[in-house]
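Visitor: this is a predicted model, with the sequence first.
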Amino acid sequence: MGVSPATNRLVWVKSAGLCAMPECRQPLVEAATVAGDPAAAVGEVAHIAAQSPGGPRYQGPVPGGDRDGIANLMLLCAHHHEIVDTQYRTYTIERLLGIKDEHERWVRERLTGDGECGEEQGEVHEVVHSTLLPVVHMPRYVYGAPCSLDETNVKARIRSERVDKSVMLPFIVREKKLLTFFPLTRADNPFADVLDAGGVQCFEASVWWRDKDRSRWYVSLLNRSLNKLTGRRGLHLDKDHSRYYFEPDRHQGRGPIARIVTYRPMNQASTDKSVAWRPTSKQSGELKNFWIHLAVGLRFHHISTDAWMLSVRPEHRFTTDGFTPLVPKGVGRKSTRQKAHMYNYDLLGELQFWKEYLSGGDPRIIFEFGGQSLIVDARFATAEVAWPGVPGDARPYANVAAEDDLFTSAAYHRAVEDESEVELEPWEIEDMLAIEVDDATGDLT
């Protein structure tokens with residue numbers, strides 16, 4: 001049926017006759033240069049989800065439910081219309097909706113006057129989302145045993161086949177002791193071949209949190225746990241920058257190819273996202289001589305006596321060929337340019353991606369340690385603020401958290417119950433009671 005004239009006019013009015021791309025906002029009406037000639041409208045009303053089968057983003061959910069409706073349309077210059085339709089993996093439905101909403105809000109702010117919000121209104125209450133995921137359950141114990149090997153040799157001799165594949169085995173070696181969250185007293189102990197004689201000790205984690213050195217050891221074990229999680233999710237560790245990143249897919253005979261993953265974005269059931277790709281020049285349409293990789297910085301924070309958080313910091317990594325890092329001189333400008341085009345709503349979209357990807361779409365991220373567990377709530381910590389507000393400033397965010405089902409609920413209860421069922425030997429209890437005395441010496445005994 002096509003876009004009706006009334007809808008077409010409304011798109012132009014809401015966009016104020018300007019290209020909606022924030023780096024452009026070019027006026028799209030050319031005034032007449034000769035008396036008697038009409039003004040020329042040079043803008044293009046673009047579909048977010050394509051109008052025709054096979055078009056860009058056609059398979060995605062249609063904003064507003066009507067392909068020719070106002071919610072699925074935005075005003076662009078011809079240049080940016082071509083870009084968003086050619087680079088449809090970069091310009092997803094979610095991202096274009098964010099650009100459209102941001103531009104229309106920008107127009108409204110300027111039409112209502114400097115600093116004015118239009119008609120008088122009282123305070124509005126809005127939810128502000130942080131970059132922190134709450135940790136709802138921490139490993140209660142750290143197990144230690146004498147070990148004269150270094151970490152490289154320990155890693156080579158771990159018998160991981162002794163335990164279920166879901167069990168993670170993070171460890172560190174400090175002061176000639178192997179330390180881990182795995183209960184070393186178990187009969188199926190995968191570390192049995194690397195331990196020296198001398199017995200196993202069990203330490204209360206909450207006591208370690210109050211000690212400067214041992215709290216660092218505990219965080220090191222948490223970081224090793226992150227390495228296990230991200231490795232299972234197909235991410236690679238960039239040790240130099242303490243972050244995890246995607247590598248491109250590999251195709252025999254063709255070298256690296258763009259990697260795309262499917263996830264649940266903020267306001268849709270499912271969408272595809274490019275996570276490692278070679279960008280295209282806007283001017284020539286040719287492939288550029290570098291690759292962009294989505295990356296993330298993850299870090300545990302001890303924020304109060306018994307409270308921990310996992311921070312999520314979206315980043316980008318740049319390589320020459322999909323694998324070889326760009327020299328630092330070539331990275332700074334590209335990284336700055338990427339971040340300059342990222343608005344708050346875009347950042348929230350990136351956080352949503354990482355939360356969904358790391359959790360596998362479940363309500364929680366569960367680290368299994370063979371009788372103990374670490375559980376992170378896959379819902380960003382929020383705060384409610386009261387302020388005068390900006391009309392139309394509130395943005396949709398429907399997929400804040402995944403709903404529990406029978407499987408995810410059972411997994412959570414199993415993880416918690418496993419730890420409560422760990423029975424300590426009498427000597428383990430004695431060691432725990434002696435920890436306070438040992439803390440005074442600073443020795444791990």
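Guide: Sure thing, it's come through. Please read these numbers as outputs of a predicted model, since none were measured by experiment.
Visitor: doesn't residue 264 make contact with residue 357?
Guide: No - applying CB atoms under 8 Å, one finds residue 357 not in contact with residue 264, separated by 9.6 Å. (Each C-beta comes from the backbone N, C-alpha and C, glycine too.)
Visitor: who's more crowded, the two?
Guide: residue 357 (22 against 18; other CB atoms under 10 Å).
Visitor: for the longest helix belonging to the chain, packing partners?
Guide: Using DSSP state H to assign secondary structure, the helix with the most residues in the chain is helix 212-232. Under the contact criterion of 3 or more CB pairs under 8 Å, 6 or more residues apart in numbering; DSSP states H and E, helix 212-232 touches strand 141-146, strand 171-174, strand 177-180, helix 205-208, strand 236-238, strand 291-302, strand 364-368.
Visitor: go through the fourth one and flag the buried ones.
Guide: Of the residues in helix 205-208, those buried by neighbour count under the rule 16 or more other CB atoms under 10 Å are 205, 207-208.
Visitor: cool, and the first one?
Guide: Of the residues in strand 141-146, those scored as buried under the neighbour-count criterion (16+ other CB under 10 Å) are 141-145.
Visitor: list just the nearest of those residues to residue 306.
Guide: residue 141 (15.1 Å; CB to CB).
Visitor: excluding covalently adjacent residues, which one is nearest to that closest one?
Guide: residue 202 (5.3 Å; CB to CB, 6 or more residues apart in numbering).
Visitor: I figured that neighbour hits residue 145, correct?
Guide: No - using CB under 8 Å as the test, residue 202 is too far from residue 145 to be in contact (10.2 Å).
Visitor: show me what contacts residue 376?
Guide: 133-136, 310, 359, 364-367 (CB atoms under 8 Å, 6 or more residues apart in numbering).
Visitor: quick one: contacts for residue 361?
Guide: Contacts of residue 361 (CB under 8 Å, 6+ apart): 263-264, 402.
Visitor: mind doing that once more with 6 Å?
Guide: Shown in contact with residue 361 (CB atoms under 6 Å, 6 or more residues apart in numbering): 264, 402.
Visitor: end to end on stretch 239-259, go ahead and measure it.
Guide: End-to-end distance for stretch 239-259, by CA to CA, to the nearest Å: 22 Å.
Visitor: quick one: low-confidence ranges for this protein?
Guide: 1, 32-37, 112-123, 328-344, 387-395, 418-445 (pLDDT under 70).
Visitor: show me where it has its helices.
Guide: Under DSSP H, the chain gives helices at 5-14, 78-86, 93-111, 151-157, 205-208, 212-232, 328-340, 344-359, 406-420, 426-433, 435-441.
Visitor: in a markdown table: the ones you listed, plus distance to residue 252.
Guide: Compiled in a markdown table, the helices of the chain are given as follows (distance: least, CB to CB, whole Å):
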| stretch | distance to residue 252 |
| --- | --- |
| helix 5-14 | 46 |
| helix 78-86 | 27 |
| helix 93-111 | 32 |
| helix 151-157 | 30 |
| helix 205-208 | 47 |
| helix 212-232 | 23 |
| helix 328-340 | 29 |
| helix 344-359 | 26 |
| helix 406-420 | 36 |
| helix 426-433 | 53 |
| helix 435-441 | 55 |
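Visitor: so how many other residues sit close to residue 51?
Guide: Neighbours around residue 51, by other CB under 10 Å: 16.
Visitor: same question but for residue 165, I mixed them up
Guide: 9.
Visitor: check the one 4 residues further on too.
Guide: When neighbours are counted by other CB under 10 Å, residue 169 registers 20.
Visitor: what of residue 23?
Guide: Residue 23 has 10 nearby residues by other CB under 10 Å.
Visitor: wait, which of the contacts of residue 376 is closest to residue 69?
Guide: Of the contacts of residue 376, the one sitting nearest to residue 69 (CB to CB) turns out to be residue 359, at 33.2 Å.
Visitor: please tell me how far the closest one sits from residue 406.
Guide: 17 Å (CB to CB, to the nearest Å).
Visitor: the more surrounded of the two?
Guide: Set residue 359 next to residue 406 and count neighbours by other CB under 10 Å: residue 359 wins out with 22 against 7.
Visitor: count the neighbours of the residue lying closest to the more buried one once chain neighbours are set aside for me.
Guide: The shortest distance from residue 359 to any non-neighbouring residue, by CB to CB, 6+ apart, is to residue 378 (3.9 Å). Residue 378 is flanked by 23 other residues according to other CB under 10 Å.
Visitor: residue 378 and residue 354 touch, don't they?
Guide: No - counting by CB atoms under 6 Å, residue 378 stays clear of residue 354, with 10.2 Å between them.
Visitor: what number of residues lie near residue 324?
Guide: Neighbours of residue 324 using other CB under 10 Å come to 10.
Visitor: which ones are touching it?
Guide: Residue 324 neighbours (CB under 6 Å, 6+ apart): none.
Visitor: that one and residue 413: what is the separation?
Guide: Distance from residue 324 to residue 413, by CB to CB: 46 Å.
Visitor: same question for residue 299.
Guide: The value you get for residue 299 to residue 413, if CB to CB is used, is 28 Å.
Visitor: these two: who's more crowded?
Guide: When residue 299 and residue 413 are compared on other CB under 10 Å, the one with more neighbours turns out to be residue 299, at 15 against 10.
Visitor: for the more buried one, list the residues it contacts.
Guide: Residue 299 neighbours (CB under 6 Å, 6+ apart): residue 311.
Visitor: can you give me the distance of it to residue 54?
Guide: From residue 299 over to residue 54 (counting by CB to CB), the distance is 43 Å.
Visitor: can you get me a residue count around residue 255?
Guide: There are 11 residues near residue 255, going by other CB under 10 Å.
Visitor: could you find the closest non-adjacent residue to residue 348?
Guide: That would be residue 129: by CB to CB, 6+ apart, it lies 6.0 Å from residue 348.
Visitor: just list whatever residues bridge to the one you found.
Guide: residue 382 (DSSP bridges).
Visitor: so it makes contact with residue 382?
Guide: Yes - proximity of residue 129 to residue 382 meets the contact threshold set by CB under 6 Å, at 5.4 Å.
Visitor: what about those two, which has more around it?
Guide: residue 129 (17 against 13).
Visitor: what residues are up against the residue nearest to residue 359?
Guide: 355, 359, 363-365.
Visitor: surely residue 259 and residue 248 touch.
Guide: Yes - taking contacts as CB under 6 Å, residue 259 lies within contact range of residue 248: 5.0 Å.
Visitor: which neighbours do those two share?
Guide: With CB under 6 Å, 6+ apart, residue 259 and residue 248 have common neighbours residue 276.
Visitor: and for residue 248, the neighbour number?
Guide: Residue 248 - counted by other CB under 10 Å - has 21 other residues nearby.
Visitor: and the buried residues of helix 205-208, which is closest to residue 239?
Guide: Distances from residue 239 to the buried residues of helix 205-208, taken by CB to CB, are shortest for residue 208, at 25.0 Å.
Visitor: no further questions, thank you.
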